[in-house]
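1. Turn this into a structure:
(chains A and B)
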Amino acid sequence: MPTSGVFEPRHLSLHVFVLAIVIVAEAIGIIRIPIGIAAIVLLPMLYAFAMGIALNPNITRATGRVLTPNVQKFAGAMITIAITPFVAKFGTTVGPQIDAIIEAGPALILQEIGNLGTIVVAFPIAVYVLRMGRETVGAVYSIDREPNLALVAEKYGLDSPEGAGVMGVYATGTLIGTFIFAVIPVLVHATGLFDIRALAMSCGVGSGSMLAACTGGLVTAEPENKDLILGLAGASNVLTYATGLYVGMFVALPLTQWLFRKARPDLY
Amino acid sequence: MQTTEHLKLDIEPVDERGIRVGETMLLLLIACVIGGVANYVSTGVGAAEAFPGMAILYVCSVLGLMLARFMPFYLPSVAWVSLIAIVITIPGVPGSEWVVAQVGKINFLSLATPALAYGGLALSSKEFAIARTSGWKIVIVAICVMLGTYLGSVVIADLTLRMFG
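-> Residues are numbered from 1 along each chain as shown, chains lettered A, B, ... in the order given. Okay, the predicted model is just below:
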């Protein structure tokens, strides 16, 4: 948060940009693209993000006269503020579903351990297929959102290879995470193998925008279960705030490091 | 990958206790107005009809920020905001039915749209540069990370649900 001037004309014009983007994005609305048995769901938030990037002064020089680096920094602070009413709305979907949530309690708690699945999938690919070095440890140990980034920064420093790994996945996740989370859950749902409650509660594993995209896709696929999907996803997201950092600190990061030392002893 | 070393992201650990409450309340109001417009465009629910619901979400947000600021122990404000919103909608809590009916007029997806617009505009040259210099390998790894995290949770949740009903 900048120390002053957030109500100056330049800073206020940021909201005008956002308002214009939001109106266009919502006017386009949800688009479903059928692909075989599933349908990829394109959500207004994806267009909003894409339009934001298109108007970003690093892409379109002309907007740089208004969107100065200071204003951009303020836009970063506004993400946190703008997502808060969304978080509140999500909370209000949890209360009415409290019985279903208690019933699914064990699954809700245990699926937090399932977040270690990133190591199962991404570690072998990074080490054995892509032959990556120590970046692997930072890159694959978690979904690499802000708390996880801070953990690696503290332990290795962001200028270490591990730091480069965590920053690479962080930046990539920021750019394409919303899109990935709009697509993957819908495809997994289309296999018909899993309980909708399991698909819903797993939406809470990442950032707020990943949560929004994931639940948006599932609700479009199963509108009749909307309340259940939102309630479970919201509960799981609250749980991730509480447990995510600790699972990373005491389990995921030490485990990934140990695996990497076993796999590539030559690099230590 | 060595080239990323000079490209440190300036993500400062945000000490939410330091934020000025008055300023944040005004910015939150702006965010709610934009969210209300998004909701109108997507659902056609007008300002008067959406007002009670948006006001509830606004009050939850402000109370959550205040609690994060003044509580003697640390919990992120989003956690407080969630907890307040959960408690006031649990069946049996006085007024919960009215609250659920009012916030039900607000489309949850519309409230995420402004945050992503800010997000797209906020991306710095450093973030673009990191994504570019990290190369295609990190993109593949990032997709595997997201896929693995999601699938891992799904599989464990599904197995547990089968065991416990």
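2. quick one: contacts for residue 31?
-> All of this refers to chain A. Applying Cβ atoms under 8 Å, 6 or more residues apart in numbering or on different chains, one finds that A:Ile31 lies in contact with A:Val41, A:Leu42. (Glycine included, C-beta is placed from N, CA and C.)
3. Chain B is the one I meant
-> B:Ala31 makes contacts with A:Met78, A:Ile81, A:Ala82, A:Thr84, A:Pro85, B:Pro114, as judged by Cβ under 8 Å, 6+ apart.
4. In a strand, A:Ala88, correct?
-> No: counting by DSSP: H, G, I helix; E, B strand; the rest coil, A:Ala88 is not part of a strand but helix.
5. what about the helices in chain B?
-> B:21-43, B:47-70, B:77-87, B:96-103, B:108-122, B:125-164 (DSSP state H).
6. any chance of those in CSV, plus mean pLDDT?
-> Putting these into CSV (pLDDT from 0 to 100) gives the following:
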stretch, mean pLDDT
helix B:21-43, 93
helix B:47-70, 92
helix B:77-87, 89
helix B:96-103, 94
helix B:108-122, 91
helix B:125-164, 88
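7. Deepest in the core, which of those helices is it.
-> Looking across those with neighbours counted as mean count of other Cβ atoms under 10 Å in any protein chain shown, the highest average goes to helix B:108-122: a mean of 28.
8. Can that helix be said to contact chain A?
-> Yes: under the criterion of Cβ under 8 Å from any Cβ of the partner chain, chain A is reached by helix B:108-122 at B:108-122.
9. for these, which one is nearest A:Gly117?
-> Distance to A:Gly117 across those (Cβ to Cβ) is lowest for B:Ala112, with 24.8 Å.
10. Tell me who's in contact with the closest one.
-> A:Met45, A:Ile83, A:Phe86, A:Gly208, A:Ser209, A:Ala212, A:Ala213, A:Gly216.
11. re earlier: which ones among the contacts of B:Ala31 lie within helices?
-> A:Met78, A:Ile81, A:Ala82, A:Thr84, A:Pro85, B:Pro114.
12. How much space separates the second one from A:Gly248?
-> Read it as A:Ile81. A:Ile81 sits 26 Å away from A:Gly248 when distances are taken as Cβ to Cβ, to the nearest Å.
13. can you pick the most crowded of the contacts of B:Ala31?
-> With neighbours taken as other Cβ atoms under 10 Å in any protein chain shown, the top of the contacts of B:Ala31 is B:Pro114, carrying 33 neighbours.
14. gap between that one and A:Ile79?
-> Computed with Cβ to Cβ, the distance linking B:Pro114 and A:Ile79 is 9 Å.
15. again, but for B:Val155
-> 31 Å.
16. Hmm, A:Ala107 and B:Ala157 touching each other?
-> Yes: with the criterion set as Cβ atoms under 8 Å, B:Ala157 and A:Ala107 qualify as a contacting pair; they are 4.5 Å apart.
17. who touches both of these two?
-> When Cβ under 8 Å, 6+ apart defines a contact, the residues bordering B:Ala157 and A:Ala107 alike are A:Arg197, A:Ala198, A:Met201.
18. filter the residues you listed down to the ones close to chain B.
-> Filtering the shared contacts of B:Ala157 and A:Ala107 for proximity to chain B (criterion: Cβ under 8 Å from any Cβ) leaves A:Arg197, A:Ala198, A:Met201.
19. Show me which of the residues you listed is closest to A:Gly64.
-> Using Cβ to Cβ as the measure, the one of those that approaches A:Gly64 most closely is A:Met201, at 42.4 Å.
20. Helix or strand: which one has that closest one?
-> Of the helices and strands defined by DSSP states H and E, A:Met201 is found in helix A:196-201.
21. Following that helix in sequence, what is the next regular element?
-> Taking DSSP H and E, what comes next after helix A:196-201 is helix A:208-221.
22. CA-only coordinates of that following helix in PDB, if you can.
-> Listed in PDB are the C-alpha atoms of helix A:208-221, where the atom choice follows Å, rounded to 0.1, in the frame of the first residue of the first chain:
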ATOM      1  CA  GLY A 208      -8.700 -16.700  -4.600                       C
ATOM      2  CA  SER A 209      -8.900 -16.400  -8.400                       C
ATOM      3  CA  MET A 210      -8.100 -20.100  -8.800                       C
ATOM      4  CA  LEU A 211     -10.900 -20.800  -6.400                       C
ATOM      5  CA  ALA A 212     -13.300 -18.600  -8.400                       C
ATOM      6  CA  ALA A 213     -12.400 -20.100 -11.700                       C
ATOM      7  CA  CYS A 214     -12.500 -23.700 -10.400                       C
ATOM      8  CA  THR A 215     -15.900 -23.300  -8.800                       C
ATOM      9  CA  GLY A 216     -17.200 -21.300 -11.700                       C
ATOM     10  CA  GLY A 217     -16.400 -24.200 -14.000                       C
ATOM     11  CA  LEU A 218     -17.900 -26.900 -11.800                       C
ATOM     12  CA  VAL A 219     -21.100 -24.800 -11.100                       C
ATOM     13  CA  THR A 220     -21.600 -24.400 -14.900                       C
ATOM     14  CA  ALA A 221     -21.200 -28.200 -15.300                       C
END
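23. name the helices or strands packed onto that helix?
-> Contacting helix A:208-221 under the criterion 3 or more Cβ pairs under 8 Å, 6 or more residues apart in numbering or on different chains; DSSP states H and E are the following elements: strand A:38-42, helix A:44-55, helix A:69-94, helix A:161-190, helix A:196-201, helix A:226-247, helix B:108-122.
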